[in-house]
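1. Let me see the structure of the following:
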Amino acid sequence: MASINAAQKLDFLWSLELANDISLCGDRRFFFADTAFHAAPEEVRANIAAAFEEMSNAVKIHNVHSVRVRATPDGMVVNYHCRLSPRLTVSEVHARVDELDRKMREAFPDIVRIVGYAEPMRE
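-> The predicted structure is shown next:
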């Protein structure tokens, strides 16, 4: 059995994430295979991360982290992780994450896709 090196593993993980994004996006044209993705400037990512930190308190979401922003010809694609109480129901978690996503889209109209990954807080 052949082993894979670290670069191959990262390429594989990136492919899985991209496939996940494509499967979730429906028919949005900016996700076709010929679309160029590249990291947004660090200043843009930092501004978005700071806004997440500020806005997440209003919807009782904690520890927004791993904020990634990619630029496409149609706008920004944002991925982030966050923590919520493990006592919340799935519906409550989705409602809070959806509200945060709405607030972020209002603040940053160039966001064309936003994906939040909810994780339980450690108690």
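2. C-alpha only now, for contacts and for neighbours.
-> Will do.
3. I'd guessed Ile61 sits against Pro86; true?
-> No: using Cα atoms under 8 Å, Ile61 is not in contact with Pro86, being 11.6 Å away.
4. more neighbours, those two?
-> Ile61 (21 against 13; other Cα atoms under 10 Å).
5. Poorly predicted segments of the protein, please.
-> For the chain, applying pLDDT under 70 flags the ranges 1-36, 123.
6. show me where it has strands.
-> Taking DSSP state E, the strands of the chain run over residues 38-39, 62-72, 75-84, 111-120.
7. Now render the ones you listed as JSON lines, adding distance to Phe52 and mean neighbour count.
-> What follows is the strands of the chain, written out as JSON lines (distance: least, Cα to Cα, whole Å; neighbours: other Cα atoms under 10 Å):
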{"stretch": "strand 38-39", "distance to Phe52": "18", "mean neighbour count": "14"}
{"stretch": "strand 62-72", "distance to Phe52": "7", "mean neighbour count": "18"}
{"stretch": "strand 75-84", "distance to Phe52": "9", "mean neighbour count": "19"}
{"stretch": "strand 111-120", "distance to Phe52": "11", "mean neighbour count": "17"}
